[in-house]
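**Student:** Sequence first, then the predicted structure:
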Amino acid sequence: MNFRECDYDEAKSLVLEGLLRGYVQKICVEAWKGVGATALLREVAEAVETRGKRVFETVIKVVRPAPFRNRREMQRAVAEHLNLLSPSVTAAFDAEDEDNDFSGEELSSRDLVSEVLREINRAVKDRRVLLVLCNNIAGGQLIQPLRLPYSIIGRSRGNAVLWTSGMNITREVASASADFILRIEPSGRTTALDLVYKEAVEIARYIDESSGGRLRTAGQVVLRCFWYCLLLLRRAAFNRSALLPDDGRPLEDAVKYFVCDGILQGDAAWEIVKALAPLIGPIVNDQQLQYWHDTFSTWTPSASDLLLLPPKTLSIDSTTQGDWVKFSSPSSSKEEEEGYRWISVCSPQTNNPEPWDFFFKEYRGSVMSDVSSVFWRFEKTHELALPDGFFDYLSNVRVLDLLGCVVSPIGYSSFLRLRNLRMLRLERCKVTSLDPNSHSSAPKGRREPFLFDNLWVLNLYNSDADAFLLAGKAIELMPNLLELDLKEETSLLHLVDLNELQEHMHKLKVLKLSGNIDTTFLRKSVSMAISLKELILTDCEGLEYLNFNLLATIETISLQRCASLKEVELVDPAAALLPNLKTFHLSESKLIAKLSLQGCRKLENVDLQELTGLEALDLSCTAIKVVDVSKLPQLKQLFLLGCEQLRRVAGRKLPQLKQLFLLGCEQLRRVAGLNKGPRLDVLYLDNYNGGGACDVDQCLDSFQNQRLSELTKVSNDVDQRLFHAHVVVRDVRLFRSLYYAFLDALRRAKSSFHIHVKGSSTAKRGTNIGTTTGSNATITSALCYADVLNTMTDRHCQHHPSPPAMPLNNHIEVDGGHDSRIVEEDDFGNIMRFANSLFIHDNTSKFTMGIQFRHLKCFRIERCPNLEFIFSRRDAANLKFIFFSWGAAYSLESIWLSQLPRLKALCKQEKIGQLKHIYLEFCPRLEYVLPSVSELHDLETINICYCGDLTAIFKSDDDHKKDKREAAPQLLPKLRSIHLQELPKLQHIYELNICAPSLKEIKIMGCLNLRKLPLFGRLDARSIRTVKISCEKDWWDKLQWDGLESNHHSSLFNPKHCPYYKKRMKARYL
């Protein structure tokens, strides 16, 4: 591995030379303090596309300043550049994302898709390829470039990879995969300035492309925002509470300075700064600040550099007594040569020298006339009053940020000269008492209507807002105010006429309040702001109830550290819901026990933190996608009904959760946190149908007609609590997280669940499989047995007996589908082991499976065209569909099979000792039912219809005997009823004799090859004649009998013949 530091132009030349001449295959470029590498990669890729077509046939260019969320997103960008995002490739991405959602894999850790890897390899396998990649993933993760494009390195000496990871890369990581590492190091200040500008151009380009051309800005505008961010970062070194997060990086709260200062203008300015915040943050760092601070102190730029420099900036601070340090950046034009644009002053710690004397001695007059932003900080112990005429030289200032000074009320003194002020921020400022003799600068008898008509943002932090705003009356001087931020205890607006103020606050969009603010003040301020979109309440100690009606325009509500808050009711039940609420944040309010945001249909983001007293949460009928309840340790009830966009319920540990209700959550993928502590009593989940109106009580009543009060009862006896679950899902992968709820509950003494898996694939394919009671035309036109199934369906509608009753406790139904997930998902299989009844229908998949159904008593299978065996050993080589494994039918009591065109037998060797009922119909390939009759001591009913190939119901297990007639009859002591219909090949029920002493009813039609009925083993002829027999007379006359001595003779029966057993004869005329 070779390493080299060089400036931008030399690095570009070295990279191009190495690629075009084939010196190296793997090149890594390190950015200079976070900038420059993205632009270099783009320019190299464009140069290769122009000059190096003979060297590289394909250039894969994935260059962007924004980090990728994960490796998979990077892979998608590569596939998109190669025009590989066909429906199949897109489906592969979506399928992998969906599976990761069910498994709970975090978005940041999602890896490459193997199917897409193969597609990319196939697309480039016969070409010489250059991959140019910004290998920058959120969170500082890296991906080995050898995996992108995955196998081209080493396949051909002509392939190459050029990548950068910004500032995230380390020498150890790079050396493991790179042949050559280039670090960009500017040779001078001009080249450093050019690097920053190139990065600004890349950011502007990305904002334009990612917005589809809707948000357009220039690289010079982004560059000026970069310089302003450095100014804010320097200010944050003295006061980190000044709108900057703990890490000191200017993000979303700081970018509003760009608009207020006038850097960004136009209707889309606020949208642009929102897109700019995450992009400009990473390149604004302490290294850049220190470099440019040192550079501007000694640098005399050339004329060509002036257009890229920040506007003339004055920065003054003092760290020791009397030691003033002045830092002034060069001006960017001749017009600004004498004037400053931005000023930042930090006062000394003592009174000597006075900052005013120093400042006005050095700078006054025209030097200050173009200043747009002023930051002035005083020490907490050194508060000074602003002198008269302080703002006379700053009449054009747009951003004014003062800390620790003494000011006059806003309607008096020199504040009146700030007619262009857009943002005013005061922190720890004292307000002088109002002099009765003082007055505003407006002539007596004439008051100007709008003194601050350009003011958009007003932030007052512990600065006596009552006095500064003249008890709220000054707000009427701010008709265009967009944001009001008050952080202090205030009585502001208590006595203000609401009708008068409402006219002047109709544009207010953001209201931030902090301190001991009571409900009366809050209600007044909110009612005045008829356009309010964001309400933020922080540390409001006196706020106990939030139960008033908010405005319909509200989009964001944030309640932080309101320790006295006991109840939150955002809407009056009789009033309309909040139609535009999108974000709700509530934290550290320990007294709240119940919270309901039901019906806020646009609510997407809910952040709940440290609510240790919250027991019931209702987020029904919202647009939320992820619900995080990990910080709610006492939560017992969670209602998520009608949340059609909900994808995940997140929670690391939910020890107290007892009742979980989800209905209509069609996109639900995972319910996390169920594996660590919760012992659910009630689980109600249905993500198959979204439903119409969102009625919580109606949804709960549909849960087996139980009332809400009955479902929500909580018992303290864990072992005696009834676990009640009703789950309807479209994908069994959801049980990857739900399994843990069942695992604990099914070990209790009492449990009851109903699970219904509804496969959505059939509906998507346009297949009409039908139901047992509807008109069932076809299963699918592509099936091999379509003609057989047509016949089945026609007769099924005419001769359909009622199915056996399925137990309510622990019942599972699988409806539709054509994949094998129901057997591949281990978690779902583990739940199926506890089922008492199982109903599978309309499944067209081909799969094998083995489950020990130790508790299964009744199962029913209908319309599964690929089923061949029900019970079988796992070593069968040619089976298409095996559902039960060896030993699975140990406790089975009832079998119902219908419309299974490929079914050959129920089992090969399985013994079902407790079987009571057999119901079979429309199984045209069925040859026999069970291999043995020796252990069917509890069998009571045999009902078999329309099975054309059936030759025997029970196969003989005494084939080794030479004379089968001498074999003892098999006893079926509880057999009471036999119904056989349309079985043309049936020769015998059992090749040997059967003794059925309890038989009471026999009904046989269309079984012309059946020659013998079972023995009965009764000596009392009167008892024998109680058996009801219904059959055709022709068949009855041809039966074979063992004789009276064996209690098997026609004279012992009194049959009833069917009057319609023959075909209709043609009419004849005399």
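**Tutor:** Great, that's in hand. Numbering: from 1, shown residues only.

**Student:** Residue 22: how many residues sit nearby?
**Tutor:** 13 (other CB atoms under 10 Å). From N, CA and C alone the C-beta is placed, and that goes for glycine too.

**Student:** Surely it is within a helix?
**Tutor:** No - counting by DSSP: H, G, I helix; E, B strand; the rest coil, residue 22 falls outside a helix, being coil.

**Student:** can you tell me how far it sits from residue 158?
**Tutor:** Taking CB to CB, to the nearest Å as the measure, residue 22 and residue 158 are separated by 7 Å.

**Student:** Identify, by residue count, the longest helix of this structure.
**Tutor:** helix 189-210 (DSSP state H).

**Student:** Show the average pLDDT along it.
**Tutor:** For helix 189-210, the mean pLDDT works out to 94.

**Student:** Could you list the buried residues of it?
**Tutor:** 189, 191-208 (16 or more other CB atoms under 10 Å).

**Student:** Model confidence for residue 974, exactly?
**Tutor:** pLDDT at residue 974 comes out at 90.

**Student:** and it, how far is that from residue 84?
**Tutor:** Residue 974 is 66 Å from residue 84, by CB to CB.

**Student:** ditto for residue 484
**Tutor:** 51 Å.

**Student:** in the stretch 151-300 of the chain, which segments are predicted with low confidence?
**Tutor:** For the stretch 151-300 of the chain, the stretches with pLDDT under 70 are 151-157, 166-176, 236-252.

**Student:** Let's see that with 80 instead.
**Tutor:** Applying pLDDT under 80 to the stretch 151-300 of the chain flags residues 151-158, 166-177, 234-254, 297-298, 300.

**Student:** As a check, name the ranges of all helices in it.
**Tutor:** Ranges of helices within the stretch 151-300 of the chain are 171-175, 189-210, 219-238, 256-261, 269-280, 286-298, based on DSSP state H, counting those that start in this stretch.

**Student:** mind checking which of these is nearest residue 642?
**Tutor:** Among the helices of the stretch 151-300 of the chain, the nearest to residue 642 by CB to CB is helix 269-280 (30.2 Å).

**Student:** tell me which residues of that closest one are tucked away?
**Tutor:** In helix 269-280, counting by 16+ other CB under 10 Å, buried: 269, 272, 273, 275, 276, 277, 279, 280.

**Student:** Surely the second one touches residue 265?
**Tutor:** No - Residue 272 is not in contact with residue 265 according to CB atoms under 8 Å; the separation is 9.8 Å.

**Student:** thinking again about what came up before, give me the common contacts of residue 22 and residue 158.
**Tutor:** Both residue 22 and residue 158 are contacted by residue 55, under the criterion CB atoms under 8 Å, 6 or more residues apart in numbering.

**Student:** Would you map the helices across the stretch 301-450 of the chain?
**Tutor:** Going by DSSP H, counting those that start in this stretch, the stretch 301-450 of the chain shows helices at 355-362.

**Student:** Where do the strands of it begin and end?
**Tutor:** For the stretch 301-450 of the chain, applying DSSP state E, counting those that start in this stretch gives strands covering 313-320, 323-328, 342-346, 373-377, 384-385, 399-403, 405-407, 423-427, 430-431.

**Student:** pLDDT (mean, whole number) over the second one?
**Tutor:** So the one you mean is strand 323-328. Strand 323-328 comes out at a mean pLDDT of 53.

**Student:** switch to numbering from 26
**Tutor:** Fine by me, first position is 26 from now on; the one you just mentioned is strand 348-353.

**Student:** returning to that earlier point: which of the buried residues of helix 294-305 sit farthest apart?
**Tutor:** For the buried residues of helix 294-305, and using CB to CB, no pair is farther apart than 294 and 304, which are 15.8 Å apart.

**Student:** tell me which residues in the strand or helix carrying residue 631 are buried?
**Tutor:** Using DSSP states H and E, residue 631 sits within strand 630-634. For strand 630-634, a neighbour-count test (16+ other CB under 10 Å) marks 631, 633 as buried.

**Student:** Same check on stretch 1066-1076?
**Tutor:** So, applying 16+ other CB under 10 Å, buried residues of stretch 1066-1076: 1072, 1073.

**Student:** what distance separates it from the centre of its chain?
**Tutor:** Remark: stretch 1066-1076 is offset 73 Å from the chain centroid, using CA atoms, centre = their mean, to the nearest Å.

**Student:** Quote the end-to-end distance of that stretch.
**Tutor:** With CA to CA, to the nearest Å as the measure, stretch 1066-1076 spans 10 Å from end to end.
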